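Asks: have a look; sequence and predicted model below, questions after that.
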Amino acid sequence: MAKKPQPPKDSPRDDLNKEAQKRLAACRTWKSYWELDFKECYFFCSPHRQRTISSMTEPAQQRMLDAPELNTDEAFLLAQDFVTEVVNTFMPEAQKWCERGPGMDLPPGAWDKVKVQVEKDDQKIFEAMKASNLYPEIAKAFYPDLAIGTVALWIDRPHPAAAINTAAIPLRELECNLGPYGEIDDRFAVRYTRNCYVRELVGEEVWGQIPAKMKKEIGDKPTVRTQVIWGFWRNWEDKGDEVWQHVILVGKECIHDSIIKGEGSCPMLVFRFNPSSDWPWGLGPMIQGLPSFRQIDELEMALMENASLSLRPPITFPSDSFTNVEQGLEEGMAYPITPGHEGAVKKIYDVPPANPANYAYEDRLKKLRKLFFVDLPEQTGDTPPTAAQWYDEMARAQRRIGVPGLSFWREGPSKIFLRFQHLLEQAGLVKPIQVDGRAVSTLPRNPAQAAAELQEVATTVKFISIAGQAFPEEFKLRVDGNETMQKLKDKMRASLVIFRPDDKVNGALEQIQKLSGGATPNAPASAPGPGQQ
């Protein structure tokens, strides 16, 4: 008797497909709770953006028609200023906004062996950033999504011979979820793209893995849109390295899977401004300011309605006396009136003049500017603020944006830096940091913390001034001028200051002493103390 055929067992890729679908469904559930907030934010600050936020349906290929309903443009200005402030604070194009420092488990003395190499490699990384389209694409990705709270970027080299490319992932294509430690773990980019672009987007290697039937369906309908999904989630079983599971789905079928390892290996970066431990989405100033934006919009509409009533007040007229004027009276037109009804057309009431106090929302705007971190110091009295007062106000504003910006820095700029470092190491342009054949851990550091370190510099300078004047002889004996200047140079990131080599110091000192009529040319090379002439 013939045995009953058994159903085919699921392949490992089928299991991955099921896992990817479950993780994606969980991400979409989290996002559904925030969709209305995202749509309202777009209404106020970017009404012409695509507002099909859910990735479950293909976005409509038409413009939204509710933009004329918006009565204020304050959100446009605040969101743009906020993005400019964040970029200039955390990643200005003209500066090295990230640097690598020694990791916490670095042995003593190891950093001194690789410090010069790290500085040179960091410069190469920033040159690669400037040569790529990173900064133009950041401007596209950040407005207005960063003001809403969450941004996603795709950074990769599509081909070994091509330049590093950055692409913005809008909120409608982004799906994400939290990991075990409160960071963004599961992340998906869901794009509905025309079939003629599928091959280019997935790459030649992945295209070769697509079944022939699916290739034919895609090739026969080049203008039809197909859903392509890129998914990444951490593999926490490997404790010794950063490991990601990567899948690509076309439609609902998983056509590619791979394991990628290493810090900076994931090309899809998701970062948030002002995140919380409850949600995978950042709580940006645009969402926090929605109540004020609603009030401002209502006040603007009320002011326009008052002006319209004042210019065209409602009237009464006898319905059986002359020409029908229900649609109003037109300027410069003549209307026939039956004798005896000359005074029948009149205003119902006199519209009261607009009271500016009823429509003033400067207080709300002031609070919104503070919420968006773009509140510049104000002159509160008749006397203009001094330079020191102005600097203190600016420093206070920088400290305020630094608190919610800590997570943004860790998830955003530092990961961008590490991603470029990873790509350059793959290309052989930057070498992994090693000492005696062992890898050396490095830590991306935010130069914004240099502002805090400047306080240490100021304290040091104050000590030198006081101690040097009070104890000039002891100060010169106890303080090593060369080492102190080197420490100050490092703290202040004064990379343009070049010290002479030790073998040239004595020669330079001899020339200086001859020109100044000084004493012995063989005097020890030490910096003069404070107050010394």
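Replies: Thanks, I have the structure now.
Asks: my guess is residue 170 meets residue 145, correct?
Replies: Yes. Applying CB atoms under 8 Å as the test, residue 170 and residue 145 come out as touching, 6.9 Å apart. From N, CA and C alone the C-beta is placed, and that goes for glycine too.
Asks: find residues that contact each of the two.
Replies: Taking CB atoms under 8 Å, 6 or more residues apart in numbering as the contact rule, residue 170 and residue 145 both touch residue 152.
Asks: neighbour-wise, which of these two wins?
Replies: A direct count of neighbours by other CB atoms under 10 Å for residue 170 and residue 145 places residue 145 higher, at 28 against 17.
Asks: now that one. Nearest residue, chain neighbours left out?
Replies: residue 151 (4.9 Å; CB to CB, 6 or more residues apart in numbering).
Asks: which secondary structure state does the one you found sit in?
Replies: Three-state assignment for residue 151 (DSSP: H, G, I helix; E, B strand; the rest coil): strand.
Asks: bridging residues for it?
Replies: With DSSP bridges as the criterion, residue 151 is bridged to residue 271.
Asks: per-residue pLDDT of it, please?
Replies: If you check residue 151, the pLDDT there is 96.
Asks: that one and residue 143 touch, don't they?
Replies: No. Using CB under 8 Å, residue 151 makes no contact with residue 143, being 9.8 Å away.
Asks: picking up where we left off before, quick one: residues contacting the residue nearest to residue 145.
Replies: Neighbouring residues of residue 151 by CB under 8 Å, 6+ apart: 141-142, 145, 270-273, 412.
Asks: next one: residue 142
Replies: Each residue near residue 142 by CB under 8 Å, 6+ apart is listed here: 83, 86-87, 151.
Asks: buried among those? Need that as a selection in PyMOL.
Replies: A single PyMOL command suffices to select whichever of these are buried according to 16 or more other CB atoms under 10 Å:
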select buried, resi 83+86+87+151
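Asks: mind checking which of the contacts of residue 142 are in strands?
Replies: Of those, the ones assigned to strands by DSSP state E are residue 151.
Asks: can you put the contacts of residue 142 in TSV and add distance to residue 494?
Replies: Formatted as TSV, the contacts of residue 142 follow (distance: CB to CB, whole Å):
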residue	distance to residue 494
83	30
86	26
87	24
151	33
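Asks: which one of the contacts of residue 142 is nearest residue 306?
Replies: Distance ranking of the contacts of residue 142 against residue 306, using CB to CB, places residue 83 first at 34.3 Å.
Asks: what residue spans form the domains of the chain?
Replies: Following automatic domain parsing, one gets these domains for the chain: 24-311+358-447, 314-349.
Asks: ok, residue 427 touching residue 160?
Replies: Yes. If you go by CB under 8 Å, residue 427 and residue 160 touch, sitting 7.3 Å apart.
Asks: comparing these two, which shows the higher neighbour count?
Replies: Shown here are residue 427 and residue 160; by other CB under 10 Å, residue 427 has more neighbours (12 against 7).
Asks: mind listing what that one touches?
Replies: Applying CB under 8 Å, 6+ apart, the residues near residue 427 are 157, 160.
Asks: tell me how far it lies from residue 154.
Replies: With distances taken as CB to CB, to the nearest Å, residue 427 is found 18 Å from residue 154.
Asks: do residue 487 as well
Replies: Note on residue 487: its distance to residue 154, by CB to CB, is 41 Å.
Asks: more neighbours: the two, which one.
Replies: Between residue 487 and residue 154, residue 154 has the larger neighbour count (other CB under 10 Å), namely 18 against 14.
Asks: got the contact list for the more buried one?
Replies: With CB under 8 Å, 6+ apart, residue 154 has these contacts: 166-169, 189, 267-269.
Asks: ok, so of those residues, who is nearest residue 218?
Replies: Nearest to residue 218, judged by CB to CB, of the contacts of residue 154 is residue 189 at 18.7 Å.
Asks: state the distance from the closest one to residue 168.
Replies: Per CB to CB, residue 189 is found 11 Å from residue 168.
Asks: same list (the contacts of residue 154) but as CSV, adding neighbour count, secondary structure and pLDDT.
Replies: As requested, the contacts of residue 154 are exported to CSV (neighbours: other CB atoms under 10 Å; DSSP: H, G, I helix; E, B strand; the rest coil; pLDDT from 0 to 100):
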residue, neighbour count, secondary structure, pLDDT
166, 23, strand, 95
167, 17, strand, 95
168, 18, strand, 95
169, 22, strand, 96
189, 22, strand, 96
267, 22, coil, 96
268, 23, strand, 97
269, 23, strand, 97
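Asks: and those as TSV, adding distance to residue 237?
Replies: Listed next are the contacts of residue 154 as TSV, based on distance: CB to CB, whole Å:
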residue	distance to residue 237
166	31
167	30
168	32
169	28
189	24
267	22
268	21
269	23
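Asks: re earlier: just curious, which of the contacts of residue 142 is nearest to residue 260?
Replies: When those are compared for distance to residue 260 (CB to CB), residue 151 wins out at 21.6 Å.
Asks: how close does that closest one get to residue 15?
Replies: For residue 151, the distance to residue 15 (CB to CB) stands at 32 Å.
Asks: now do residue 258
Replies: Look at residue 258 and residue 15: by CB to CB, they are 15 Å apart.
Asks: show me the helices in the stretch 251-400 of the chain, by range?
Replies: Along the stretch 251-400 of the chain, the stretches classed as helices by DSSP state H, counting those that start in this stretch are 285-288, 290-311, 356-359, 362-371, 387-411.
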